[in-house]
Every structure is written in structure tokens, then in C-alpha cells.
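**Q** dropping a prediction and its sequence here:
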Amino acid sequence: MLEEIREQPAALERTLATSLASVERLRRLLEPRRPRFILLAARGTSDNAAQFGRYLLEIATGIPVSLAAPSIFTLYGARLDMREALVVAISQSGESTDTNLVLERARAGGARTVGITNAPRSTLARLAERVFLVRAGREKSVAATKTYTGQLLMLYLLAYALGARLRIDDLRRLPEWAEAALRLEKEIAGRAGRYRFMEKAVVVGRGLNYATAFEFALKLMETCYIVAERFSSADFLHGPIAMVGPSFPVFLFAPSGVTWPSMKPMLDRLRQIPAETLAITDRSNAEAGRGGQSIVIPARLARRGPLPVELFTPIPYIIPAQLFAACLAAEKGLDPDRPRGLTKVTRTL
């Protein structure tokens, strides 16, 4: 897992370089007739990528987006009118049975289809009309890391193909920001011991980093066997904060930008309890980085422009979380590459 976390800058650079031509072709194809609706289908880690994609695509393109409920097709046999829709299936292996069935039924219902996968010879790659390949190389660890960030990159490229005001030069900086996040490995390894006996935790994010909270919590659950609940900061204040007492672990993603004004008072309140808080942020948010209860990516990620300043934070922000999960598993004497009861490819209906 640690080796694959470290491979992410190179994997992102490779994925971007090999995808630009096909993305430009898709942009030209979609320009005359954009979809009126987008449906994202995925499971597990890929579903967390889809959650990010929902925020990104709606913010950057103005097209309504929903996450698929595969049971509608697999258990209830529903037939949906998918004309004028774009259906995007996301799967690391390309062999998720229910995700592939959503793609198949959507195509039969008149949708245009796109597949995002790390497996060029997979079932998903055969079913989708157009395929975006993550070039992460083989992922041996059961806990997905480099394929997750590759999927996020592909969703940026999909947004670009749909007319978002994204600059490719900005996307080219993502490997650099990922590299900056990796420089925190030694610091994070040193912090992990403090949490060795942690059995439960809460992870909080909002907006574009809501999915980051889901993915970090999943990594804590599958590699460290921690009961990790994940919340939007808004939902957290509607009741769940009541369970937090002194020394209760709460992890937060705290970029600068539109989510910080609501995150800051909540973080202050948690520190007054005092909960065991740890905020993941970057150098653009000096307030979140104060007090020693933070992991600060040594790069300034904010930028000016028509899109939110935290737009590019989800890839560099998940990397310290991945490192933390891998290091904490080692502290607990667990093997994050082989979590109990799990296999690399999961097929469900």
C-alpha cells in the first residue's frame, strides 16, 4: 500500500499525458449536444470518486448529476428512459457486476456511456462507448490508492470535455501537488503511534472534500478495522456532534475557500470540548494550520479564477490520509495489503 501511495505522482502524470487526445475528441463530440443529465455508477472506493465527481461536474459544468442506485436495475428490474443522459461507470477492475449492468441497461435506454477503469481488457471497457483509462499500473494492495486519485483525475478531464472552464495547465500541476503531499510521510508516521489504540473516529469534510472524508473513513475501516463515521460538516452539526466528548478522534479536511467559514467555528468548538482533532490542510489556510493539531501540505494550492479555490485539493488532500491509514495499520500490527474478509475484485448484485 505504501509503495503504491508513493507511485501516485508518476501515475497521475502518465494518465494525463496518455488521455489528452481522447479527451479533446470527446470535447468536440459533446460540444454541439451536451447531455441534460449525468448518472455516475460505482461501488466502494470508486463510489467515493463518483461522489467527488458529482460535486465537480455540477459546480464546473452546471449539468445536474446523480449517483446511480444499482439495485434499481439489479434487484427491481426497473427500465429507465435515459435519452439525453450521459452515464459514467467507474471501476478500478472494470469487473463490478452491478456497475456494469447499470452501464448496459443505460445504453439500452438511450444513454451515451463512458467508462473509467484501470483495466483496458475488462468487461466495463468493452461495454462503454468511450473509455478513459487510468494508467496506474497493476494495483496489488487490496486497499485502492493510486487508482482512486487516477479516477479523480479522469473526472477532471470529463468535466473539461463537458465544457468546464478548467485549464489543462492547472491539471498538469496535480502530480506536483501530490509529490508535495508525499513529503509528509515521515511526519505522519511519527503521528500514527498516538492513535494506536483508536477504535472509533469521525471524519468530516464538505463540498469538494466531502468525498475525501468518505474515502479516508473507508481506508480506516478496511485497513485498521476502526469504526469510522463520515459526515459533511453541515450534517455533523445537525446531531452527530453530540457523540463527541473529550479525546474523541475527529479528522477534518480544511482547505481555504467557501467551506472554511463553516468549518472554522466547528473546529474551534471541537477543540474546546476538547476532542482529539487533526485537520488536513495546505499552506494557503494558515488558520487551520495553527496549534500543532494539523497536517499541512507544504504547497499553496489556492488559485484565483472562475472556479472555487479548493477545486484541486481532493487529490493532494487524500494522500496524507492514505499515508496515515497505512502507517496506523503498521502501528496496530495489521497488514493493510490483505484486510480480513476482502479481495481485490468484489462482485455484487
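**A** Yep, it's here. Numbers count the residues shown, from 1 in each chain.
**Q** now the strands for the stretch 201-349 of the chain?
**A** Under the criterion DSSP state E, counting those that start in this stretch, the stretch 201-349 of the chain contains strands at 227-232, 249-253, 276-282, 294-297.
**Q** tell me which residues of the longest one come out buried.
**A** Spelled out, it's strand 276-282. Across strand 276-282, burial judged by 16 or more other CB atoms under 10 Å covers 276-282. For glycine as for every other residue, the C-beta is placed from the backbone atoms N, C-alpha and C.
**Q** any low-confidence regions in this protein?
**A** Counting by pLDDT under 70, the chain has low-confidence residues at 291-292, 302-305, 340-349.
**Q** geometric centre of it: which residue is closest?
**A** Closest residue to the average C-alpha location of the chain: A49 at 4.0 Å, with CA atoms, centre = their mean.
**Q** in terms of helices and strands, where is that one?
**A** Secondary structure assignment for A49, by DSSP states H and E: helix 44-61.
**Q** contact partners for S91?
**A** 42-43, 46, 99-100, 115-117, 119, 122, 124 (CB atoms under 8 Å, 6 or more residues apart in numbering).
**Q** in strands, which of those appear?
**A** Counting by DSSP state E, those place 115-117 in strands.
**Q** most neighbours, which of the residues you listed?
**A** I116 (33 neighbours; other CB atoms under 10 Å).
**Q** beta partners of that residue?
**A** Beta bridges link I116 to I90, F132 when assigned by DSSP bridges.
**Q** is it in contact with Q151, as I believe?
**A** Yes - taking CB atoms under 8 Å as the definition, I116 is a contact partner of Q151 at 5.7 Å.
**Q** ok so, going back, what's the most distant pair in the buried residues of strand 276-282?
**A** Farthest pair in the buried residues of strand 276-282 (CB to CB) is E276 and D282. Separation: 21.6 Å.
**Q** please name the nearest non-neighbouring residue to P255.
**A** Of all residues not flanking P255 in the chain, E310 sits nearest, at 3.9 Å (CB to CB, 6 or more residues apart in numbering).
**Q** let me fix that: L86
**A** Spatially, and ignoring its direct neighbours in sequence, L86 is nearest to P35 (3.8 Å; CB to CB, 6+ apart).
**Q** hang on, the one you found packs against E84?
**A** Yes - between P35 and E84 there is a contact at 6.1 Å, judged by CB under 8 Å.
**Q** so which residues of this protein form helices?
**A** Assigned by DSSP state H, the chain shows helices spanning 2-6, 8-30, 44-61, 71-74, 97-108, 123-127, 146-161, 168-171, 174-182, 185-192, 210-224, 233-236, 260-272, 314-331.
**Q** circling back: name the residue in P35 and E84 with the higher neighbour count.
**A** A direct count of neighbours by other CB under 10 Å for P35 and E84 places P35 higher, at 20 against 13.
**Q** got a list of what the more buried one touches?
**A** 63, 84-86, 112, 162.
**Q** those, buried ones only, as a ChimeraX selection?
**A** Buried residues among the contacts of P35 (16+ other CB under 10 Å), as a ChimeraX selection:
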select :63,85,86,112,162
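**Q** just the contacts of P35 now: which is nearest E229?
**A** I63 (30.7 Å).
**Q** surely that closest one and L162 touch.
**A** Yes - at 6.6 Å, I63 counts as touching L162 under the criterion of CB under 8 Å.
**Q** mutual contacts of those two, please.
**A** Both I63 and L162 are in contact with 34-35, 57, where contact means CB under 8 Å, 6+ apart.
**Q** ok so, going back, export the contacts of S91 to TSV and tack on distance to R107?
**A** Below are the contacts of S91 laid out as TSV (distance: CB to CB, whole Å):
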residue	distance to R107
A42	17
R43	19
S46	19
T99	13
N100	11
G115	11
I116	16
T117	16
A119	19
S122	16
L124	12
